[in-house]
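Novice: this is the structure alone, sequence omitted:
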């Protein structure tokens, strides 16, 4: 009888005790390194936004006191805003304010920027989430189909569909969508998040219209919100679908030639299981990055789409603030977007360790 | 021997290239019974393609044709794709070259084994797990209860290949194709793996086709040897007579085998004659 020789043995440790100990230490090390990297990234984000705020040729006093204020009023306002201090003191002050959750007041609305963002962001969140769901639920199967029918007509059709999503300007798509599905066919509701009839009867709990109408138990309002959401979400979903389909297709194609795919077929697994269990399991990590990136991109607030659909989201808020030189609001929103990016990156890092044992 | 396990007549595999179809396997014929048949030849001589063609695993746009391709009296060329898939694993299996690539990196060894058991024997989860542990034990893996929980990157190459053999033998196939099963492994591990393979194949009365470029190994391990050259079989002979091979190509291959304790400056140049592959 043959016995596995020494070289043939286990590469790792053989005893359970040190193994568990090592795993705990590795986990702690990972958590620590994640915390350090997040803190550093956030710090970098604050440095960049602060200096952008100082570099742009916009006089911050102009928006506060107007262009006809006498000199002593300007000086007093500058002292109040801390603009007379050296740059590094200004930065420290900015830093401590941000850390206390004080993003400053919007000149335009007179409200704290965070309050404004809390009002505008849920609209973007709702739109981006539904769009990403559409993008993932259709994009991944389409990408898989294109890869498994590589070079055949299904592949060609899907490639054209994805290419169109890449190249057609989104505002044009939105306008045509409104023209066809709202104005002509009347299948969907028009611009805005909900009809005026419901607008003030729904209490904003989460700010997500679909959730709030459900919480209020108002089915008619829910349906109305849904029909308002579906068109802009589909337009953005198409954009996300185009990206996800292309990525899924090329990731699948790279993986399909691997030996383990042949091994799975040799075992007699039906092609369905070979593709969805074996191959898809192996492209999960890059696929998660793809989806997270596309989601983050939509969460920035799709300015053009939000303008076309009069969607009161973050993109619209930033554009309006920019037009009125409201830098506090713009920078505040930039920081929020930056934090969303960092958060999503962190989330996809955590998901990696779940789907790929080699990342543990 | 009445009907051979596998009968191949005029098997051809071709891939479309820039100058029309390019044949990589050019009309080969052989039979395999419940015995150990070795296939030797250089890289690109069509060894692996032959094994894959038998399993219907030539990737598109490759084309396979055969005058006759039967397994246990069943005409494989007439089977529907679904029936061909069901035949795979259950009756004909294949051990691939490198376990580092041939095992799915994101599934545990246990999950990959259990999947095979569940597919072919319709077992419950617990039962499939128990059988997986038994199967690992049968290929002489120590501490199988632990190994089923490990991922391919956590075990050595030799262990991976043992797990691969266990996985491929799980459904109880009658014929096993082994495509260079040890060439990615250390020489010290190789002997152990082959011994295990031999033990299981003999015990189950299976047929084995061993694809290799190692002449010594094939001579020692197999009953019969087929020598491939440029997509054709140039010589077929009993393994123990390999040293007395008559074909100049086989003699050339033998002359290149390094011997222990031998001193030589350079390897002889292998003679290649297009006419050998012609007729």
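Specialist: Nice, thanks for sending it over. If you're wondering where the values come from, they're calculated on a predicted model, not measured in any experiment. Numbers count the residues shown, from 1 in each chain, chains lettered A, B, ... in the order given.
Novice: where in the stretch 1-150 of chain A is pLDDT low?
Specialist: For the stretch 1-150 of chain A, the stretches flagged by pLDDT under 70 are A:1-20, A:63.
Novice: contacts only, for residue 105.
Specialist: No chain was given, so I picked chain A. A:111, A:112, A:113, A:328 (Cβ atoms under 8 Å, 6 or more residues apart in numbering or on different chains). Every C-beta, even on glycine, is put in place using the N, C-alpha and C of the backbone.
Novice: um, chain B though
Specialist: A:260, A:282, A:356, A:357, A:358, B:151, B:152, B:153.
Novice: if we use 10 Å, what do you get?
Specialist: For residue B:105, the contacting residues are A:258, A:260, A:281, A:282, A:356, A:357, A:358, B:151, B:152, B:153, by Cβ atoms under 10 Å, 6 or more residues apart in numbering or on different chains.
Novice: of those residues, select the buried ones using a PyMOL command.
Specialist: Buried residues within the contacts of residue B:105, by 16 or more other Cβ atoms under 10 Å in any protein chain shown, are selected in PyMOL with:
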select buried, (chain A and resi 258+260+281+282+356+357) or (chain B and resi 151+152)
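Novice: so of the contacts of residue B:105, which ones are in helices?
Specialist: Taking DSSP state H as the definition of helices, the contacts of residue B:105 contribute A:260, A:281, A:282.
Novice: now the second one. Nearest residue, chain neighbours left out?
Specialist: Spelled out, it's residue A:281. Distance criterion Cβ to Cβ, 6 or more residues apart in numbering or on different chains; nearest residue to residue A:281, sequence neighbours excluded, is residue B:106 at 4.8 Å.
Novice: that neighbour against residue A:255, yeah?
Specialist: No: when contacts are counted by Cβ atoms under 10 Å, residue B:106 is not listed as touching residue A:255 (11.2 Å).
Novice: give me the common contacts of these two.
Specialist: Contacts common to residue B:106 and residue A:255, judged by Cβ under 10 Å, 6+ apart, are A:278, A:280, A:281, A:282, A:283.
Novice: quick check: which element contains the residue nearest to residue A:281?
Specialist: Using DSSP states H and E, residue B:106 maps to neither a helix nor a strand.
Novice: burial count for it?
Specialist: By the measure other Cβ atoms under 10 Å in any protein chain shown, the count of residues near residue B:106 is 22.
Novice: do the same with the one 10 residues further on
Specialist: Residue crowding around residue B:116 was assessed by other Cβ under 10 Å; the count is 27.
Novice: contacting residues around it?
Specialist: Residues near residue B:116 by Cβ under 10 Å, 6+ apart: A:264, A:266-269, B:89-90, B:93, B:128, B:131-132, B:135, B:166-171.
Novice: could you redo the last one with a cut-off of 6 Å?
Specialist: A:267, B:167, B:170 (Cβ atoms under 6 Å, 6 or more residues apart in numbering or on different chains).
Novice: same check, this time on residue B:31
Specialist: Counting by Cβ under 6 Å, 6+ apart, residue B:31 has contacts B:4, B:7.
Novice: need the pLDDT of the residue nearest the centre of chain A.
Specialist: Most central in chain A under Cα atoms, centre = their mean is residue A:296, positioned 1.9 Å from the mean C-alpha point. With respect to pLDDT, residue A:296 scores 91.
Novice: doesn't it fall inside a helix?
Specialist: Yes: checked against DSSP: H, G, I helix; E, B strand; the rest coil, residue A:296 lies within a helix.
Novice: where exactly do the helices run in chain B?
Specialist: Counting by DSSP H, the helices of chain B are B:47-54, B:81-87, B:99-102, B:109-121, B:125-138, B:144-147, B:157-169, B:187-204, B:215-221, B:248-256.
Novice: three-state assignment of the closest residue to chain B within chain A?
Specialist: In chain A, the residue found nearest to chain B is residue A:268; the distance is 2.8 Å by Cβ to the nearest Cβ. The three-state assignment at residue A:268 reads coil, by three-state DSSP.
Novice: how many residues are close by it?
Specialist: 22.
Novice: next, name the residue at the spatial heart of chain B.
Specialist: Closest-to-mean residue, chain B, Cα atoms, centre = their mean: residue B:178 / 2.1 Å.
Novice: skipping its backbone neighbours, what lies nearest residue 73 in space?
Specialist: Using chain A. Leaving aside its chain neighbours, residue A:73 sits nearest to residue A:65 (5.6 Å; criterion: Cβ to Cβ, 6+ apart).
Novice: you looked at the wrong chain, it should be chain B
Specialist: Closest to residue B:73 by Cβ to Cβ, 6+ apart is residue B:3, at 5.0 Å.
Novice: from chain A, how far out is the one you found?
Specialist: Residue B:3 sits 23 Å away from chain A, going by Cβ to the nearest Cβ, to the nearest Å.
Novice: kindly report the same for residue B:258.
Specialist: For residue B:258 relative to chain A (Cβ to the nearest Cβ), the value is 22 Å.
Novice: can you count the residues close to that residue?
Specialist: Neighbours of residue B:258 using other Cβ under 10 Å come to 8.
Novice: got the phi and psi for it?
Specialist: In terms of degrees, to the nearest 10, the main-chain angles of residue B:258 are phi -70, psi 140.
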